[in-house]
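Mind folding the following:
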Amino acid sequence: MEPENDCAWKPKQGMTFDSEQCVYDFYNIYGGRMGFSIRRDFCRKNKVTNQLICRLLVCNKERFRKGDKRDPLSKNPRAETRTGCEARLYVKLDEGTGKYVVADFKEKHDHDLFGDVVTFDTTYKLNKEHRPFASFVGFNHHRETVIFGAALLYNETAESFVWLFQNFLEAMSGKAPKTLFTDQDAAMAKAILIVMPDTTHRLCTWHLMQNALKHVNYLFQDKGVKGVLNKFFFDIEDTNQWKLEWAKMLDKYDAHENHWLKLTFAVKEKWGWPYVRSTWAAGMSTIQLSESFNALLKDYIRSDFNLNEFFMHFEMVLYEKRYKELEA
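Alright, predicted model coming up:
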């Protein structure tokens, strides 16, 4: 079903279904496309035939969780994940036709819709020509690594990345990531803005720290790079306070003319804590998933493989990942 065809994939009053399971499957697919999970709620059955008369399906953030029955002094209490969301789909049995009819549909959610967070990396050169290997990696619902896509590139120009991102979106049925993590590459940034303008582009904090060690470590010898920059990555929540502290840092270390700091400040919306703290990131701040995936590939792929050998062994990696997901 094409996303442009609202009648096909979006619920509306009056839609009919052959069974309650068909209703559930339809709403579940819709939720997956939109970025939320569903669960079964209220239902009523015929007391004589035990046939389902009506069913209410809700967003998994509907209501609020009851109090935690475990020791209130637990060091790791379960986080509250419900928000009282009122999004729902309610169906009733039409006894004349035997079909279930949508009687009520509330579309609006009171929370952000939980899309994919993807890390994108091209730093690992696996083939003898040292061509960039690009991977799109994220978490699955078991918080294990899932590979969304991969490619061998000829070069790392903006034009190549535009081509790659366009083909990635086509493979993903047009669904762009909610958030995309990359390193501090200008060509990548340009292509993301062109192809995925609604995707939140965030910079990997680990790569930023490594670049800082190369470019400004000599400035911060008293506290070190982490001692000076950590608060800008993880601590200061107010944008005005963040800018004030940045200015103080430039004054203290006489770093107003440092080229790397100028460039990094210019993209602060992609890494500064008050700018990114409210974006959906699945708990990530780095492209560590991609790094771990690249390390795994070393066990399967040698640099002297030709293209056929490369992709044959890459398929083995995918098979192992998918098997582990099925096990989980």
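
so residue 321 touches residue 150, yeah?
No - with contact defined as CB atoms under 8 Å, residue 321 does not reach residue 150; the gap is 11.5 Å. In this view, the C-beta of every residue, glycine as well, is placed from N, C-alpha and C.

Would you check how far apart the nearest residue to residue 286 once chain neighbours are set aside and residue 291 are?
Spatial nearest neighbour of residue 286, excluding adjacent residues (CB to CB, 6 or more residues apart in numbering): residue 206 at 4.2 Å. Note on residue 206: its distance to residue 291, by CB to CB, to the nearest Å, is 8 Å.

Next secondary structure element downstream of the host helix or strand of residue 209?
Using DSSP states H and E, the element containing residue 209 is helix 205-215. Going down the chain from helix 205-215, the next helix or strand is helix 224-234, by DSSP H and E.

buried residues in stretch 237-255?
By neighbour count on 16 or more other CB atoms under 10 Å, the buried set for stretch 237-255 is 242, 246, 249, 250, 253, 255.

Just put those in TSV and tack on distance to residue 183.
Supplementary listing: the buried residues of stretch 237-255 in TSV, determined by distance: CB to CB, whole Å:
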residue	distance to residue 183
242	22
246	21
249	23
250	24
253	25
255	22
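
Make a markdown table out of those residues and add pLDDT and distance to residue 48.
Formatted as a markdown table, the buried residues of stretch 237-255 follow (pLDDT from 0 to 100; distance: CB to CB, whole Å):
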| residue | pLDDT | distance to residue 48 |
| --- | --- | --- |
| 242 | 95 | 66 |
| 246 | 96 | 72 |
| 249 | 94 | 75 |
| 250 | 95 | 78 |
| 253 | 93 | 81 |
| 255 | 93 | 80 |
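
Output those in JSON lines; the columns should cover secondary structure and distance to residue 88.
Listed next are the buried residues of stretch 237-255 as JSON lines, based on DSSP: H, G, I helix; E, B strand; the rest coil; distance: CB to CB, whole Å:
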{"residue": "242", "secondary structure": "helix", "distance to residue 88": "40"}
{"residue": "246", "secondary structure": "helix", "distance to residue 88": "45"}
{"residue": "249", "secondary structure": "helix", "distance to residue 88": "50"}
{"residue": "250", "secondary structure": "helix", "distance to residue 88": "52"}
{"residue": "253", "secondary structure": "coil", "distance to residue 88": "55"}
{"residue": "255", "secondary structure": "coil", "distance to residue 88": "54"}
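
Closest to residue 196 out of those?
Among the buried residues of stretch 237-255, residue 242 lies closest to residue 196 (CB to CB), at 26.2 Å.

ok, the closest residue in space to the closest one that isn't next to it in sequence - contacts?
Nearest in space to residue 242, with sequence neighbours left out and distances taken as CB to CB, 6+ apart, is residue 236 at 4.5 Å. If you count contacts by CB atoms under 8 Å, 6 or more residues apart in numbering, residue 236 has them with 242, 245, 273, 274.

so where's the protein shaky on pLDDT?
1-7, 63-83, 111-113, 124-130, 141-142 (pLDDT under 70).

and if we set it to 80?
For the chain, residues meeting the criterion pLDDT under 80 lie at 1-9, 32-37, 60-84, 110-115, 123-131, 139-144, 278-283, 287-304, 325, 328.

Would you map the helices across it?
With DSSP state H, the ranges of helices along the chain come out as 6-9, 20-34, 158-171, 186-195, 205-215, 224-234, 239-252, 259-266, 273-276, 288-297, 307-327.

residues contacting residue 299?
Applying CB under 8 Å, 6+ apart, no residues qualify as near residue 299.

one step back: what do residue 206 and residue 291 both touch?
Contacts common to residue 206 and residue 291, judged by CB under 8 Å, 6+ apart, are absent.

Looking at those two, which is more packed in?
Counted by other CB atoms under 10 Å, residue 206 and residue 291 do not tie: residue 291 has more neighbours, with 18 against 14.

if I look at the closest residue to that one other than its chain neighbours, how far off is residue 59?
Residue nearest to residue 291 in three dimensions, not counting chain neighbours: residue 121, with 7.2 Å by CB to CB, 6+ apart. Between residue 121 and residue 59 the distance, using CB to CB, works out to 33 Å.

same deal with residue 43?
Applying CB to CB, the value for residue 43 to residue 59 is 17 Å.

Dump the contacts of residue 236 to TSV, plus distance to residue 47.
Below are the contacts of residue 236 laid out as TSV (distance: CB to CB, whole Å):
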residue	distance to residue 47
242	62
245	67
273	57
274	57
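
From residue 270, how far off is residue 157?
21 Å.

Number of residues surrounding residue 296?
There are 15 residues near residue 296, going by other CB under 10 Å.
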